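> Model the structure of this input:
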Amino acid sequence: MNTKRLALCAALAVALWCGGKPVNADPIISVGTYIPPPPYAPLSTFVVPIDITGAVDLTFWQFDLSYDASDVQINTGCDPFSDPYCSLFTGPVTEGPFFGSVSSFNVFNPGFILLDGITLEQLGQLIAVNDSFGGSLPGPSGDGILAYVEFITTATGTGTSPITVVGASTTSSAPEPSTLALFVGALVLLGSRGMAGRGQRSLVFARG
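Okay, here's the model as predicted:
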């Protein structure tokens, strides 16, 4: 195979890859539309879904939440026996269906609520909520809900302050486009060197 043919094959591989796996930007993790109070919960409670958009073969995700603790707080007093958004094991932070509906072997971590060291009051940060996909690869793709976080409005709050995702990150089982480009480039380079090497050996043989 000559260098031009090898380069053509490499270009075709890239084209086929891009045709089957669109080269998208990183997935976006964001706060979704609030869900009304679950049954038997106080009217001041509400559930915040954490959405993901544009995932491709997702295997791991992580995020932090920032909120105004004088207005709303994570509902650590939720009842896991009557509240569908409260777990006996993970409390008011529960796994969403994006991973949960696909595999029962995921490793879900509800994160940590930062508290004042003296008063033990919430400081307005939920950190290191994460999940590792436990099913067969590749991981799920598309849009969906990663997790649910249940909040309650404080006695003096209005429940209207923003709740925002910060520090989000994801890991995918699909090769990064840059990785594929490096691999294809290496094939072209090796092919070129191989052709040059064969040419040199032919020249030496002719001299002999």
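
> Any idea how many residues pack against Phe81?
Phe81 has 8 neighbours, counted by other CB atoms under 10 Å. Heads up, the C-betas are built off the backbone N, CA and C, glycines and all.

> Quick check: it is in a strand.
No. Phe81: not assigned to a strand; according to DSSP: H, G, I helix; E, B strand; the rest coil it is coil.

> How about the contacts made by Gly142?
By CB atoms under 8 Å, 6 or more residues apart in numbering, the residues touching Gly142 are Gly54, Ala55.

> Try it again at 10 Å.
Contacts for Gly142 (CB atoms under 10 Å, 6 or more residues apart in numbering) come out as Pro27, Ile52, Thr53, Gly54, Ala55, Val56, Leu58, Phe98.

> these two touch, right, the fifth one and Ser172?
This means Ala55. Yes. Counting by CB atoms under 10 Å, Ser172 is a contact partner of Ala55 at 7.6 Å.

> Need the overlap of contacts for these two.
Asp26, Pro27, Trp61, Gly139, Ser141.

> circling back: can you flag which of the contacts of Gly142 belong to helices?
If you go by DSSP state H, these have Phe98 in helices.

> Show me the shaky parts of the protein.
For the chain, the stretches with pLDDT under 70 are 1-24, 175-208.

> quick one: which of Ala55 and Ser172 has more around it?
Legend: neighbour count by other CB under 10 Å for Ala55 and Ser172, higher for Ala55 (24 against 18).

> What about the residue nearest to that one when sequence neighbours are not counted, how many residues nearby?
Excluding the flanking residues, the one nearest Ala55 by CB to CB, 6 or more residues apart in numbering is Pro27, at 4.4 Å. Residues within reach of Pro27, counting by other CB under 10 Å, total 20.

> ok, so what distance separates Pro27 from Val129?
15 Å (CB to CB, to the nearest Å).

> Please apply the same query to Ser169.
Applying CB to CB to Ser169 and Val129 gives a distance of 11 Å.

> got a list of what the residue nearest to Ala55 touches?
Counted by CB under 10 Å, 6+ apart, Pro27 has contacts 52-56, 58, 61, 141-143, 146, 168-170, 172.

> again, 6 Å this time
By CB atoms under 6 Å, 6 or more residues apart in numbering, the contact set of Pro27 is Ile52, Gly54, Ala55, Thr170.

> So among these, which ones count as buried?
Ile52, Ala55, Thr170 (16 or more other CB atoms under 10 Å).

> And those, which is closest to Ser70?
For these, the minimum distance to Ser70 (CB to CB) is 29.1 Å, reached by Ile52.

> mind checking how far the residue lying closest to Gly159 once chain neighbours are set aside is from Val48?
Leaving aside its sequence neighbours, Gly159 sits nearest to Thr153 (CB to CB, 6+ apart; 3.8 Å). Separation of Thr153 from Val48 (CB to CB): 12 Å.

> thinking again about what came up before, for Ser169 and Val129, indicate the residue with more neighbours.
The neighbour count for Ser169 versus Val129, taken as other CB under 10 Å, is higher for Val129 (25 against 12).

> Assign a three-state SS to that one, would you?
Val129 - assigned by three-state DSSP - is strand.

> what sits against it?
With CB under 6 Å, 6+ apart, Val129 has these contacts: Phe63, Gly111.

> The nearest residue to Leu126 once chain neighbours are set aside: which element?
Of all residues not flanking Leu126 in the chain, Leu65 sits nearest, at 4.1 Å (CB to CB, 6+ apart). According to DSSP states H and E, Leu65 maps onto strand 58-66.
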